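>>> below are the sequence and a predicted model for it; my questions follow.
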Amino acid sequence: MRHDLPVHGEVLEAGAAAGLIGGVAMALFATIWSAVCGRGFWTPIEAIAATTFHSAVLVHGARAIVIGIAFHLVVSIFFGIAFAFLTPATVAPAPARAFGLGAGVATLGVMALLIVPLVDP
């Protein structure tokens, strides 16, 4: 972390980095798992793009991949920043990481089971 940033700037930077790392890891897992299951490597990313457009526009190929990755990473960074601001500065690094991992898994569950089905049934 840079030492010339105010505390809020450090939290913002750390949260954005953590959200980006978590989002990339989740996207890699989802795409690899989709390919292993025979659905195609890019299917999860194309599904994100379709959800973004509420399935009104059939989006495939490079455009869908760019839109899906961009949307996924923006949301991941947002959640990373939110969790960084929710974690007290007095918490030691190990419990903070555990909280972040748990919050990430909880977010995945809520998004997959509640939010996405409501947005794009």
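Okay, I see it.

>>> residues touching the host helix or strand of Ala49, excluding its own?
Using DSSP states H and E, Ala49 maps to helix 43-52. The contact list for helix 43-52 (Cβ atoms under 8 Å, 6 or more residues apart in numbering) reads 27, 30-31, 34, 58-60, 63-65, 67-69, 71-72, 116, 119-120. Yep, even glycine has a C-beta here, placed from its N, CA and C like the rest.

>>> can you say which of those residues are buried?
The neighbour-count test (16 or more other Cβ atoms under 10 Å) marks 27, 30-31, 34, 59, 64-65, 67-69, 71-72 as buried among the contacts of helix 43-52.

>>> of these, the lowest pLDDT goes to which?
Lowest pLDDT among the buried ones among the contacts of helix 43-52: Val59, with 59.

>>> report the secondary structure state of the most centrally placed residue in the chain.
In the chain, the centroid-proximal residue (Cα atoms, centre = their mean) is Ser76; its distance is 2.8 Å. Three-state assignment for Ser76 (DSSP: H, G, I helix; E, B strand; the rest coil): helix.
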